[in-house]
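Engineer: Got a sequence here, can you model it:
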Amino acid sequence: MRVTRAGIRTGLIASALTAALALAAAGPAPLASAAPRGTAHVLAHLDITQGQRPENIALEPGGGAVVTFAYSRQVARIDHRGTVHVLATLPEPPAGSVTPALSSPFLGGIVRAQDGTLYFLYATGSADLTGLWRLRPGGTPQRVAALPADGLPNGLALDERTGRLYAADSVLGAVWRIPVTGGKATRWADAPALDSQGFLGANGLKLHDGAVWVSNLDQGTIVRIPVTGRGTAGPVQTRATGLTEIDDFAFTGHGDTLLAALNAENEIARVRSDGSHRTVLTGADGLQNPTSLAVRGDTAYIASGAYFTDEDPNILAARTGRTPR
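Structural biologist: Residues are numbered from 1 along each chain as shown. Reported below is the predicted structural model:
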């Protein structure tokens, strides 16, 4: 499926409007090259009429996962049976607020600390709500760090060793660094490789092997930014190109090999350390415009927001396999 950048913008905004209106077993098989129909297993079919379009996913002990529902302003837990438990609904932005690039309020990346605390990013176009939010077990959500209202915080990663979080900004073309305790966000990295080319730039973000890795939707790339001994950003290195409309990604645990969610293409690609890549899952396997991935052991858990198919947002699982790097 080939979708233009204008089509992506239209599809995401249409999904946001749809969500707003809606709100007023067998184990996974190997994730192999050119996977035939039926080689992945859908763990949970979500309710599109309730705005349950998962944008980002983090795994929990015991087989569950937590997700952000992009346009319903909700953080939810999906248990091992596929049941959805809404944990929090973020405040509605003030009247007249317009979220950059997407128009509607947007919940992006989510991560889970070892003590069960959740951190997630909320963009509203208003200075009083846009930023990093925290939800402790049994608590209520609170904003712990402000981010620019004219940006779109998206991908998020946590370094518990240093007590820092890193957030990708899709509109401002930057990576922010924020203490887990909250407070002032620092513009940690800012480079042309993070910029948008008319819609969304820096998107997914992961920490891996002493570096911050970032995908760029408009540029179709993945870049690596080393964390220096002083904690500053090193030179930006492009590690993969030609990943059309890439959203999020996750490392498989085999060196620098990763899986990339190509949202509008409705594909998952395996990207090797040399930057070469090939399609390993498609819509025939149950994908519905994949938005994000998380890997545990040899299994990848894939969230699909159905932004363009507009049919069956879901959580899907497939084994990452043991293919060569």
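Engineer: quick one: contacts for the residue nearest to residue 295 when sequence neighbours are not counted?
Structural biologist: On the basis of CB to CB, 6 or more residues apart in numbering, the spatially nearest residue to residue 295 that is not a chain neighbour turns out to be residue 250, at 4.8 Å. In short, each C-beta sits where N, CA and C put it, glycine included. Contact partners of residue 250, counting by CB atoms under 8 Å, 6 or more residues apart in numbering, are 206, 258, 259, 292, 293, 294, 295, 300.
Engineer: Strands - which of those residues land there?
Structural biologist: In strands, judged by DSSP state E, the following of those are found: 206, 258, 259, 292, 293, 294, 295, 300.
Engineer: which one among those residues gets closest to residue 77?
Structural biologist: residue 294 (13.8 Å; CB to CB).
Engineer: is the closest one in a bridge, and if so with what?
Structural biologist: Residues in a beta bridge with residue 294, per DSSP bridges, are residue 301.
Engineer: That one: how many residues sit nearby?
Structural biologist: Using other CB atoms under 10 Å, the number of residues around residue 294 comes to 22.
Engineer: How about residue 266?
Structural biologist: Residue 266 is surrounded by 24 other residues when neighbours are defined as other CB under 10 Å.
Engineer: And residue 165, by the same measure?
Structural biologist: Other residues within reach of residue 165 by the criterion other CB under 10 Å amount to 28.
Engineer: Tell me which residues touch it, please.
Structural biologist: By CB under 8 Å, 6+ apart, the contact set of residue 165 is 111, 119, 132, 156, 157, 158, 159, 177, 178, 179, 180.
Engineer: which of those residues lies closest to residue 57?
Structural biologist: Within the contacts of residue 165, distances to residue 57 taken as CB to CB reach their minimum at residue 111, with 10.2 Å.
Engineer: Phi and psi next, for that closest one.
Structural biologist: Phi and psi for residue 111, reported as degrees, to the nearest 10, are phi -140, psi 160.
Engineer: The one 10 residues further on now?
Structural biologist: The phi and psi values for residue 121, taken as degrees, to the nearest 10, are phi -110, psi 140.
Engineer: dump the residue contacts of it.
Structural biologist: Residues in contact with residue 121 (CB under 8 Å, 6+ apart) are 107, 108, 109, 110, 131, 132, 133, 147, 153, 154, 156, 167.
Engineer: who does the first one bridge with?
Structural biologist: Beta-bridge partners recorded for residue 107 (DSSP bridges): residue 122.
Engineer: I'd say residue 268 and residue 252 touch.
Structural biologist: No: Residue 268 is beyond contact range of residue 252, at 11.4 Å (criterion: CB atoms under 8 Å).
Engineer: Looking at those two, which one has more neighbours?
Structural biologist: Counted by other CB under 10 Å, residue 268 and residue 252 do not tie: residue 268 has more neighbours, with 26 against 21.
Engineer: Quick check on the more buried one: phi, psi?
Structural biologist: In terms of degrees, to the nearest 10, the main-chain angles of residue 268 are phi -110, psi 130.
Engineer: What sits closest to it if chain neighbours are left out?
Structural biologist: In space, and not counting its chain neighbours, residue 268 is closest to residue 281: 4.0 Å by CB to CB, 6+ apart.
Engineer: what's the spacing between that neighbour and residue 239?
Structural biologist: Relative to residue 239, residue 281 is positioned 21 Å away (criterion: CB to CB, to the nearest Å).
Engineer: CA-only coordinates of stretch 64-72 in CSV, if you can.
Structural biologist: Output in CSV follows, covering the C-alpha atoms of stretch 64-72 (Å, rounded to 0.1, in the frame of the first residue of the first chain):
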residue,chain,number,x,y,z
GLY,A,64,0.0,-7.7,30.1
ALA,A,65,0.8,-4.4,28.4
VAL,A,66,0.1,-0.8,28.8
VAL,A,67,-0.8,1.4,25.9
THR,A,68,-1.7,5.0,25.0
PHE,A,69,-4.8,5.5,23.0
ALA,A,70,-3.7,8.3,20.7
TYR,A,71,-6.8,10.5,20.4
SER,A,72,-9.0,9.4,23.3
